[in-house]
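A.B. asks: Sequence first, predicted coordinates after that:
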Amino acid sequence: MTRTARATAKGDLTMSIAADIRAKFEMPEGIYLLNHSVGCLPRAARRALEDQWFGPWAEKGSDGWGEWIAAVDHFREMVARLIGAQPDDICPQTNLSGGLSKILCALPVREDRHKIVLCEEDFPTVGFVAAAAAHFGLETEFIPRGDAATDPDVWAKHLDGAHVAFITHTFSNRSARLPVAEITKLARERDVYSVVDAVQASGVIPYAVDDLGADFLLGTSVKFLCGGSGAGFLWATKDAAEKCSPVDTGWFSHENPFEFDIRNYRVAPGARRFWGGTPSIAPYVVAATGIETLLQSGVEAIHAHNQSLIDRLHEGLPDGALASERDRERRGNAVLIHVADAGEALEKMKSLSIRMDTREGCLRLSPHLYNTMEEMDLVLEALGPFLK
């Protein structure tokens, strides 16, 4: 049986998703597998931007705030549907870095708690934000890379006496999922605040915030949510939010932003206190369209589709070539592959219009709902000469 025939035979249940949805997205030529970095935007985003941002600006000028706030509220509603939350518990953010900074600076000071626990395999921006928190008397403690990061017993030792635990749901560099609920339980038992990074999970791995058990969760729309840059989100439990006094504040952190009484600052209830000054509108219009498009298929269906594509890649790789997590229940949505020369292999893939990148000497790629089984077979054929 040819690879194309195998792809058709194995992909019947999942390829229908890709076939129906490819036309809904703005996709570069070739095979696009950089979804862990930047997802493709939906075509509907152009019209949404015209209708919800440009249109009110052109027709109403400053009187367009009603429509613009409604557009951001729609984004909050889409995020809430995605992660199983209430819209009031979602606060728009520019990105994860800004959201984490706001949380660390807003938490109550505890004279006997100064430690932020994070992992060496977290996205580097996390370490940079944690280092800057030294200005507020906080210090960083790293869990070493490797199996230690996924071991709750290792976390338990590091969490003793900690102030905050930063937990990445899914690592970007080896596509391994952490036992988030187990770690947050350990944090609660030790009176440690927990912050979850859901960037590499949102839109491709089903989860509900209540099941994760965290105090805070951060995400962004630029990757698998197919919503472009500049539209992140911060989720907080009501209890955790009410304990916080954000330093990075502004008129949209006010209970009533349009009251305009400079002597009467009343902090907004819940998560919205983390908003800050005048918000950008356009990124949230685009991002809401991305999430809405994904929800038309459903995260469960997208997960099943993507994981079937990943299975096909795993099956086609020789022994020892896979550098990322193999177990379907423990892996994320990316595949890392050992090759003889990652730089040379990447240049060859680019020449074939197969879009991926490199990390830690490996090729890294990630399928999404608009990719097909046939594309996975073409990728395996192209990689053949470079596989160890």
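C.D. replies: Yep, it's here.

A.B. asks: hang on, isn't Phe171 packed against Ala201?
C.D. replies: No: the pair Phe171 / Ala201 is not scored as a contact, 10.4 Å apart, by Cβ atoms under 8 Å. (Glycine included, C-beta is placed from N, CA and C.)

A.B. asks: the more surrounded of the two?
C.D. replies: Ala201 (27 against 23; other Cβ atoms under 10 Å).

A.B. asks: And the pLDDT at the spatially closest residue to Ser172 that is not a sequence neighbour?
C.D. replies: What sits nearest to Ser172 in space, not counting adjacent residues and going by Cβ to Cβ, 6 or more residues apart in numbering, is Gln200, at 5.2 Å. Note on Gln200: pLDDT of 98.

A.B. asks: Ile17 too?
C.D. replies: 56.

A.B. asks: And for Thr358?
C.D. replies: pLDDT, Thr358: 97.

A.B. asks: go on, Leu13?
C.D. replies: pLDDT recorded at Leu13 is 38.

A.B. asks: any shared contact partners between Phe171 and Ala201?
C.D. replies: By Cβ atoms under 8 Å, 6 or more residues apart in numbering, Phe171 and Ala201 have these common neighbours: 177, 332.

A.B. asks: for Phe136, what are its contacts?
C.D. replies: 104-105.

A.B. asks: if you set the cut-off to 10 Å instead, what comes out?
C.D. replies: 104-105, 107, 109, 114, 247 (Cβ atoms under 10 Å, 6 or more residues apart in numbering).

A.B. asks: Out of the residues you listed, which two sit at the greatest distance?
C.D. replies: For the contacts of Phe136, the farthest-apart pair by Cβ to Cβ is His114 and Val247; their separation is 17.3 Å.

A.B. asks: More neighbours: which of these two?
C.D. replies: More crowded of His114 and Val247, by other Cβ under 10 Å: His114, with 19 against 11.

A.B. asks: pLDDT at the more buried one, what is it?
C.D. replies: Looking at His114, the pLDDT reads 96.

A.B. asks: Repeat that for the one 5 residues further on.
C.D. replies: The model reports Cys119 with a pLDDT of 98.

A.B. asks: cool, and Ile183?
C.D. replies: On pLDDT, Ile183 comes in at 99.

A.B. asks: Would you agree it is in contact with Val195?
C.D. replies: No: the criterion here is Cβ atoms under 10 Å, and Ile183 misses it with Val195 at 11.2 Å.

A.B. asks: Let's see which of the contacts of Phe136 end up in helices.
C.D. replies: Mapping the contacts of Phe136 onto helices (DSSP state H) picks out 104-105.

A.B. asks: any idea which of the contacts of Phe136 is closest to Ser175?
C.D. replies: Comparing the contacts of Phe136 against Ser175 with Cβ to Cβ places Leu104 closest, at 27.0 Å.

A.B. asks: for the stretch 1-150 of the chain, which spans come out with low pLDDT?
C.D. replies: Confidence mapping of the stretch 1-150 of the chain against pLDDT under 70 gives the ranges 1-19.

A.B. asks: for it, what spans make up the helices?
C.D. replies: For the stretch 1-150 of the chain, helices defined by DSSP state H, counting those that start in this stretch occupy the ranges 3-21, 44-49, 55-60, 65-83, 96-106, 124-132.

A.B. asks: of all those, which lies closest to Met376?
C.D. replies: Met376 lies closest to helix 3-21 among these, at 7.0 Å (Cβ to Cβ).

A.B. asks: The residue nearest to Tyr265 when sequence neighbours are not counted: neighbouring residues, count only.
C.D. replies: Closest residue to Tyr265 apart from its sequence neighbours, by Cβ to Cβ, 6+ apart: His254 at 6.3 Å. Neighbour count for His254, taken as other Cβ under 10 Å: 20.

A.B. asks: Let me know whether His254 touches Arg272 as I believe.
C.D. replies: Yes: here His254 reaches Arg272: they are 9.2 Å apart, a contact under Cβ under 10 Å.

A.B. asks: just to revisit the earlier point, so which of the helices of the stretch 1-150 of the chain is the most packed in?
C.D. replies: Greatest average neighbour count among those goes to helix 96-106 (a mean of 22), per mean count of other Cβ atoms under 10 Å.

A.B. asks: picking up where we left off before, which neighbours do Ile183 and Val195 have in common?
C.D. replies: 165, 167, 214.

A.B. asks: Now the second one: which helix or strand?
C.D. replies: The one in question is Ile167. strand 162-168 (DSSP states H and E).

A.B. asks: Direction included, what does that strand pair against?
C.D. replies: Neighbouring strands of strand 162-168 in its sheet, by DSSP bridges, are strand 115-119 (parallel), strand 193-197 (parallel).

A.B. asks: what residue lies at the spatial centre of the protein?
C.D. replies: Nearest to the mean C-alpha position of the chain, by Cα atoms, centre = their mean, lies Val199 at 1.5 Å.
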